[in-house]
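Asks: Dropping the sequence and predicted coords here.
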Amino acid sequence: MIHVRDLSVSYGTNPVLQNINVHVNAGECLVVTGSSGCGKSTLAHVLTGLIPHSIPAHVTGSAQIAGMDALCSSVDTLSQKVGIVFQNPRTHLFHLRVEDEVAFGPRNLGMDEAEASARVDWALNAVGLTEMREQKPANLSGGQIQRLAIAAALAMNPKVLVLDEPTASLDVPGTQNVIGTLETLKKQYGLTIVLIEHRLAEVRRLADHVLVLDEGRIAAQGQFDEVLRDPSTLKRYGLRRPTAETLTDWSRLLAPNGHHPEDQQPLLDLQNLTAGYDGHPIIRDIDLKIYAGEFVALVGDNGTGKSTLALAAAGLLKPIAGSVIVNGTSRPRPGLDIALLFQNPADQLFTDSVDEEVAFGPRNYRSFDSEIHEHALTSADLHHLRARRPFTLSIGQQQRTALAACIALRPALVILDEPTLGQDWRHLQQLMDCLVRLNQQGTAILLITHDYKLVHHYAKRVILMEKGRLSLDGKIAPTAGSRIHTEGFVHAAS
């Protein structure tokens, strides 16, 4: 089904892939992993014909997929047999309704309305978005947008599906829906799947083979469990151990956290906060205090309002009701009091180089310090990329650039909205360890994530959000992963 031989790709004089050889049989699942910037997305673009037809690049070697030559066949011809879900799913979307987004591909192929509607119904049900078919894609959460992009690809009934980090922004139910759907498609319909992933535990039950890339070359290749059982391979290439742990609801992973200080002024104080868009509340009656030096994780399913809370707390979204108090004032200084790392790093990158991006905030506040600047670049592993334009970087590298720009200002509170996108475990640990050092110096951290391992490793306090309200305030239970009762929690409303 997929035959790649001696494939090399370069952008100008910059080699990205070198001498790649891959063979995938029909009905198999290949997982492609490796450190951010190693060429994984470039391989996906070759398999779907985007390189060289839409993205200029110098390509040598060959790539056969679903009986077609990916280097010679047009993108529209390939799209009828090969589907792709991009790392940034927002780049897929342009319709005003979820249903129309999923229907676009089948309708564009000239299918009759009955068949197109049947495909839409099936695809939406497969990813758990049936009840949102009339919604505007622009109003969906990041995880819901990810599921919508997957549904749009599934509706084309492809022979091969290429997915670039499909679980990165998904909650537990969403991840279970998507992996379960892919597993069914693979077993019952013989769908061939190429998964680009850093979260290896989530895709373990689906994977047959794994391809590990390192600086554009094949570092390891073979049976999934056989290659990834070697601890030295995991450590050398910054990979997570693909444990067999079961995805569990957050409420079953938390334990009581006692009481928070009464005699200390909170750094962030959300009082009866209601916020949303176009006058429609997404979060309601939020009462939350975060103190200097705390490391807090905000967790919950997609669409519960976590990103809305982050925007309101950072002063980027005006509340419908209630108030946001930072260090005793309702007028916080952007970037200095609270810095926010957006879910999509492209939304906050705008200069001509990584170096300028990281220096912009401090220079704007006339507080530039070369030592702090160099430390921010080092912490984010960006020294070798400092002269590059941010939009020529991989998504993971863009994420690290945006975070380095945030921490270069040494803010009192750093909010990170899903920082795992595009990040291998080594770089993620490096960034989080940097945040830990800031935290130890008094900076508060609010981490918004679905990543259980990240929360378990770093967060000292965990807040669960459900249906736009804060429901539980606790910490990861000592016996993490086991089922525990919720009695005795500090309830957020109290």
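Replies: That came in fine, so what should we check first? Numbers count the residues shown, from 1 in each chain.

Asks: quick one: buried residues of the helix or strand containing Asp76?
Replies: In the assignment (DSSP states H and E), Asp76 maps to helix 75-78. Using 16 or more other Cβ atoms under 10 Å as the test for burial, helix 75-78 gives Leu78. To be clear about C-beta, it is placed using only N, CA and C from the backbone, and glycine gets the same treatment.

Asks: Tell me the strands beside the helix or strand just after it, with direction?
Replies: Later in the chain than helix 75-78, the nearest helix or strand by DSSP H and E is strand 82-85. Strand pairing for strand 82-85, using DSSP bridges, gives strand 160-164 (parallel).

Asks: Name the residues that touch the longest helix seen in the chain?
Replies: Counting by DSSP state H, the longest helix found in the chain is helix 172-189. Identification of contacts with helix 172-189 by Cβ atoms under 8 Å, 6 or more residues apart in numbering yields 27-29, 126-128, 143-144, 146-147, 150, 154, 161, 163, 166-167, 170, 191-193, 202-203, 205-206, 247-250, 301-302, 450.

Asks: Which among those residues count as buried?
Replies: Neighbour counting by 16+ other Cβ under 10 Å classes 27-29, 126-128, 143-144, 146-147, 150, 154, 161, 163, 166-167, 170, 191-193, 202-203, 206, 250, 301-302, 450 among the contacts of helix 172-189 as buried.

Asks: The residue lying closest to Ile320 once chain neighbours are set aside and Ile286, how far apart?
Replies: Nearest residue to Ile320 in three dimensions, chain neighbours excluded: Thr274, at 4.7 Å (Cβ to Cβ, 6 or more residues apart in numbering). Distance of Thr274 to Ile286, given as Cβ to Cβ, to the nearest Å: 7 Å.

Asks: Name the residues contacting each of those two.
Replies: Common neighbours of Thr274 and Ile286 (criterion: Cβ under 8 Å, 6+ apart): Gly322.

Asks: okay, those two: which has more neighbours?
Replies: Between Thr274 and Ile286, counted using other Cβ atoms under 10 Å, the more crowded position is Ile286 (25 against 16).

Asks: quick one, phi/psi of that one?
Replies: Main-chain dihedrals, Ile286, degrees, to the nearest 10: phi -80, psi 120.

Asks: what's the distance between it and Leu96?
Replies: The gap separating Ile286 from Leu96 is 30 Å, by Cβ to Cβ.

Asks: about what we covered before: show the subsequent helix or strand relative to the longest helix of the chain.
Replies: strand 192-196.

Asks: Report all helices and strands that that following strand contacts.
Replies: When contacts are defined as 3 or more Cβ pairs under 8 Å, 6 or more residues apart in numbering; DSSP states H and E, strand 192-196 packs onto strand 29-34, helix 40-47, strand 160-164, helix 172-189.

Asks: Would you give the sheet partners of the helix or strand of the chain with the lowest mean pLDDT, along with the direction of each?
Replies: Least confident helix or strand of the chain, by mean pLDDT, DSSP states H and E, is strand 254-256 with a mean of 76. Strand pairing for strand 254-256, using DSSP bridges, gives strand 469-476 (antiparallel).

Asks: average pLDDT for the strand it pairs with?
Replies: Averaging pLDDT along strand 469-476 gives 88.

Asks: Repeat that for stretch 291-308.
Replies: Stretch 291-308 comes out at a mean pLDDT of 91.

Asks: Quote the end-to-end distance of that stretch.
Replies: Using Cα to Cα, to the nearest Å, the end-to-end distance of stretch 291-308 comes to 20 Å.

Asks: Which parts of it count as buried, going by neighbours?
Replies: For stretch 291-308, the neighbour count (16+ other Cβ under 10 Å) marks 291-292, 294-308 as buried.

Asks: Repeat that for stretch 331-347.
Replies: 332, 334-335, 337-346.

Asks: Check stretch 373-386 too.
Replies: His373, His375, Ala376, Leu377, Ser379, Ala380, Asp381, Leu382, Leu385, Arg386.

Asks: what distance separates the start and the end of that stretch?
Replies: Stretch 373-386 has an end-to-end distance of 11 Å (Cα to Cα).

Asks: starting at the chain centroid, how far to it?
Replies: Relative to the centre of its chain, stretch 373-386 is centred 22 Å away, using Cα atoms, centre = their mean, to the nearest Å.

Asks: So which residues lie in contact with that stretch, not counting its own?
Replies: Stretch 373-386 has contacts (Cβ under 8 Å, 6+ apart) with 353-355, 358-359, 362, 393, 397, 400-401, 403-405, 407-408, 427, 430-431, 434.

Asks: Count residues in the vicinity of Ala477, would you?
Replies: Using other Cβ under 10 Å, Ala477 has 17 neighbouring residues.

Asks: From the recorded domain assignment, give the ranges for the chain.
Replies: Per the record, the chain has its domains at 2-236, 250-476, by automatic domain parsing.

Asks: Just put those domains in a markdown table and tack on distance to Pro242.
Replies: Converted to a markdown table, those look like this (distance: least, Cβ to Cβ, whole Å):
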| stretch | distance to Pro242 |
| --- | --- |
| domain 2-236 | 4 |
| domain 250-476 | 11 |
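
Asks: Just the buried residues of stretch 291-308: which are in strands?
Replies: Judged by DSSP state E, those include Phe295, Val296, Ala297, Leu298, Val299 as members of strands.

Asks: So, low pLDDT: which residues of the stretch 51-200 of the chain?
Replies: 142 (pLDDT under 70).

Asks: show me what contacts the most centrally placed residue in the chain?
Replies: The residue lying closest to the centre of the chain (Cα atoms, centre = their mean) is Leu421, at 3.1 Å. By Cβ under 8 Å, 6+ apart, the contact set of Leu421 is Gln87, Glu165, Ala168, Ser169, Gln343, Pro345, Ile395, Gly396, Gln399.

Asks: Secondary structure of it: a strand, I assume?
Replies: No - if the criterion is DSSP: H, G, I helix; E, B strand; the rest coil, then Leu421 is coil and not within a strand.

Asks: Now do the SS call for the spatially closest residue to it that is not a sequence neighbour.
Replies: Spatial nearest neighbour of Leu421, excluding adjacent residues (Cβ to Cβ, 6+ apart): Ala168 at 4.7 Å. Assigned with three-state DSSP, Ala168 falls in the coil class.

Asks: you'd agree Ala168 is up against Leu428?
Replies: No - here Ala168 does not reach Leu428: they are 11.4 Å apart, not a contact under Cβ atoms under 8 Å.

Asks: which residues are in contact with both of these two?
Replies: Common neighbours of Ala168 and Leu428, counting by Cβ under 8 Å, 6+ apart, are Thr420.

Asks: Output the below-cut-off pLDDT ranges for the stretch 201-350 of the chain.
Replies: In the stretch 201-350 of the chain, residues with pLDDT under 70: 243-248, 258-262.

Asks: mind listing the strands in it by residue range?
Replies: Taking DSSP state E, counting those that start in this stretch as the criterion, the stretch 201-350 of the chain contains strands spanning 209-214, 217-223, 254-256, 268-277, 280-290, 295-299, 321-326, 338-341.

Asks: So which other helices or strands are in contact with the fifth one?
Replies: Contacting strand 280-290 under the criterion 3+ Cβ pairs under 8 Å, 6+ apart are the following elements: strand 268-277, helix 306-313, strand 469-476.

Asks: next one: the last one
Replies: Where contact means 3+ Cβ pairs under 8 Å, 6+ apart, strand 338-341 is packed against helix 306-313, helix 395-407, strand 413-417.

Asks: number of nearby residues for the residue lying closest to Ser330 once chain neighbours are set aside?
Replies: Excluding the flanking residues, the one nearest Ser330 by Cβ to Cβ, 6+ apart is Ser323, at 6.2 Å. Using other Cβ under 10 Å, Ser323 has 11 neighbouring residues.
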